[in-house]
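> Build me a structure from this.
(one chain, ligands or ions: 1)
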Amino acid sequence: MTPKPGQKILILDFGAQYNQLIARRVREARVYSEVVPYTIKPDELKKEQPKGLILSGGPSSVRLKDSPFPDPGIFELGIPILGICYGMQLMGRMLGGTVNAARKKEFGKTELAVDREEPLFKGLNPNLICWMSHGDKIAKVPPGFASYAHTFHTKIASMGDPVRKLYGVQFHPEVFHTPWGIDLIKNFLYDICECKPSWTPENFVDLAVKDIRHKIRNRKVICGLSGGVDSSVTAALIHKAVGKQLTCIYVDHGFMRRGESEQVRQTFESHFKMNLVCVDASARFFKRMAGVTDPERKRKIIGEEFIRVFEEEASKLGKIDFLAQGTLYPDVIESESHTGATSVKIKSHHNVGGLPEKMRLMLVEPLRYIFKDEVRNVARQLELPPHIVYRQPFPGPGLAIRIIGEVTPKRVKLLQEADAIILEEIFKAGLSRDVWQYFGVLPLIRSVGVMGDERTYEYPIVIRAVTSEDAMTCDWARLPYQVLEKISNRIVNEVHGVNRCVFDITSKPPGTIEWE
Ligand code: XMP
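Model (predicted):
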């Protein structure tokens with residue numbers, strides 16, 4: 001289900017931790033790119049017709065026999081190639097140059113002096129900062145190559161053979177710490193590979209719609225909607241392609257944020273006129289949660305029950321052939337190893353939207369080759385409302401893992417009210433796009449307070465707000481005092497059963513974003 005435009009760049013994966021970043025940077029330059037195993041054969045490459053190849057970095061050393069080497073035939077195809085770090089050393093080693101172990105390893109920010117501008121460094125400042133991370137270096141360039149740049153410790157930090165269009169850089173242009181790296185990548189893409197910056201949300205939508213129609217034809221497809229951006233974009237794309245052949249199923253487990261289920265109904269049923277089955281399954285979820293306090297048991301029970309409800313609803317729809325999923329490219333790359341072994345990973349993660357495998361449906365995954373930021377662009381292109389386009393990540397088990405201890409309807413209602421105030425005030429303060437996640441947590445302790453002339457003994461609400469790039473790590477968001485004050489005042493005054501607010505100032509690690 002890849003929307004494959006004619007102009008693409010393939011990134012041969014030698015195991016670098018920055019591979020996804022290379023793919024992202026190329027796409028930021030509006031050229032479609034994919035990561036492929038380094039074992040790809042020249043014949044396959046001929047079929048794929050990429051406009052250029054990028055050989056990624058990697059942890060190995062080209063001086064060792066067991067390290068990953070590509071088929072030497074890839075250098076004979078006339079396709080422009082850019083080798084990055086290990087990728088450049090491969091060129092050095094395989095094309096007749098010399099690669100030695102560096103006497104002094106170079107890591108981190110390094111000053112780079114450009115000796116020859118053309119064509120990789122065209123238009124760039126000759127004195128640049130770059131990010132290095134290597135143990136080997138090129139001692140002698142291969143025949144036909146010239147050296148383009150050096151650093152204090154590395155005589156040949158970039159090289160190229162303009163006749164064969166083969167280029168190498170010892171540093172990492174894809175990382176944020178090489179500030180002009182994107183310009184070097186653009187020089188490679190536009191000038192050397194002659195790509196056009198044509199990878200845009202519009203052409204993604206057109207290609208995806210064509211692809212989906214071709215795959216589904218007149219058959220039926222179901223899609224689990226969670227209200228999140230990935231499943232919403234998946235549903236909107238498939239709906240655009242096959243209209244009423246799609247039925248979306250939205251399972252309300254009762255642990256959603258306030259008003260969220262209604263918003264889903266409004267958007268997909270009223271606005272997009274999709275076939276939407278909204279199931280209010282809260283009663284059975286609450287029943288199963290009675291007495292459960294362990295976080296992992298909560299997740300497991302909610303996951304199981306979710307699939308059960310989903311299957312029951314799907315079975316009422318008659319014969320279905322396809323299941324649509326919002327799998328994204330990072331999940332795909334993670335599940336494919338650079339040795340070439342590929343495994344289809346069903347997005348189980350810890351996501352409640354994960355999948356009824358035994359239903360034996362064929363998968364449709366229109367977002368399989370795009371990144372999260374691209375999904376948001378596509379969402380805008382499909383005219384999804386801003387509350388979906390910019391929705392903060394929300395865990396599948398919902399508020400159930402933000403309520404410490406037993407999850408009861410009363411406690412969910414209390415947290416929903418407090419949470420809605422946090423959302424509203426952060427939105428009003430114009431901070432909603434700067435903060436990664438922001439929400440309330442309801443702990444299982446009570447404390448003494450005084451309201452009017454009366455002593456109270458009620459729950460606190462924990463305000464959690466974090467900044468993050470990818471949820472792997474986070475920092476606590478420095479919310480302005482006035483915003484915290486407003487949130488605290490409103491919660492204590494408006495939410496019955498709460499007499500205190502506290503602000504969580506823990507980063508991850510050692511904390512986690514969620515409390516359970
Ligand atoms: P933690 O708490 O591990 O969270 O720092 C990292 C990210 O994952 C989300 N999260 C979940 N998402 N099901 C989900 O779909 C879950 O059970 C779950 N637990 C955590 C969390 O919101 C954050 O974005």
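
> Please count neighbours and contacts with C-alpha atoms only from this point.
Will do.

> quick one: the longest strand seen in the chain to chain centroid distance?
Taking DSSP state E as the criterion, the chain has its longest strand at strand 98-114. In this view, strand 98-114 has its centroid 32 Å away from the chain centroid, taken as Cα atoms, centre = their mean, to the nearest Å.

> Check stretch 360-376 too.
On the basis of Cα atoms, centre = their mean, stretch 360-376 sits 11 Å off its chain's mean C-alpha point.

> What residues sit buried inside that stretch?
V364, E365, P366, L367, R368, Y369, I370, F371, E374, V375, R376 (16 or more other Cα atoms under 10 Å).

> which residue is nearest the middle of the protein?
Closest to where the C-alpha atoms of the chain average out (Cα atoms, centre = their mean) is K372, at 4.3 Å.

> That residue contacts L328, doesn't it?
Yes - assessed by Cα atoms under 8 Å, K372 is found in contact with L328 at 7.2 Å.

> mind checking pLDDT for the residue lying farthest from the centre of the chain?
Each residue of the chain has a distance to the centre, and by Cα atoms, centre = their mean the biggest one is for D453: 51.7 Å. D453 is assigned a predicted lDDT (pLDDT) of 88.

> And the helices in the stretch 51-200 of the chain?
If DSSP state H, counting those that start in this stretch is used as the criterion, the helices of the stretch 51-200 of the chain fall at 86-94, 181-186.

> Save these as a markdown table, and put in mean pLDDT too.
Shown next, in a markdown table, are the helices of the stretch 51-200 of the chain (pLDDT from 0 to 100):
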| stretch | mean pLDDT |
| --- | --- |
| helix 86-94 | 97 |
| helix 181-186 | 96 |
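
> from the ones you listed, which stretch is densest packed?
helix 86-94 (a mean of 26; mean count of other Cα atoms under 10 Å).

> Show me which residues of the protein are close to the ligand?
Residues of the chain that fall close to the ligand, judged by Cα under 6 Å from any ligand atom: R299, H350, N351, P393, F394, P395, G396, P397, A471, T512, I513, E514.

> Secondary structure class of the last one, three-state.
Translated: E514. Here E514 is recorded as coil under DSSP: H, G, I helix; E, B strand; the rest coil.

> so how many other residues sit close to it?
Using other Cα atoms under 10 Å, E514 is surrounded by 13 other residues.

> Tell me if I'm right that it and L399 touch.
No - taking contacts as Cα under 8 Å, E514 lies outside contact range of L399: 10.1 Å.

> domains in this structure, as residue ranges please.
Structural domains assigned to the chain are 8-192, 201-389, 408-503, following automatic domain parsing.

> Look up phi and psi at R500.
When read as degrees, to the nearest 10, the backbone of R500 gives phi -160, psi 150.

> Wait, it touches T456, no?
No - judged on Cα under 8 Å, R500 makes no contact with T456 at a distance of 10.2 Å.

> Which stretch among the domains of the chain is buried most, on average?
Across the domains of the chain, averaging neighbours per residue (mean count of other Cα under 10 Å) puts domain 8-192 on top, at a mean of 19.

> centre of the chain versus it, how much separation?
Using Cα atoms, centre = their mean, the distance from the centre of domain 8-192 to the centre of the chain it belongs to is 25 Å.

> Now the terminal residues of it, how far apart.
Start-to-end span of domain 8-192 (Cα to Cα, to the nearest Å) is 13 Å.
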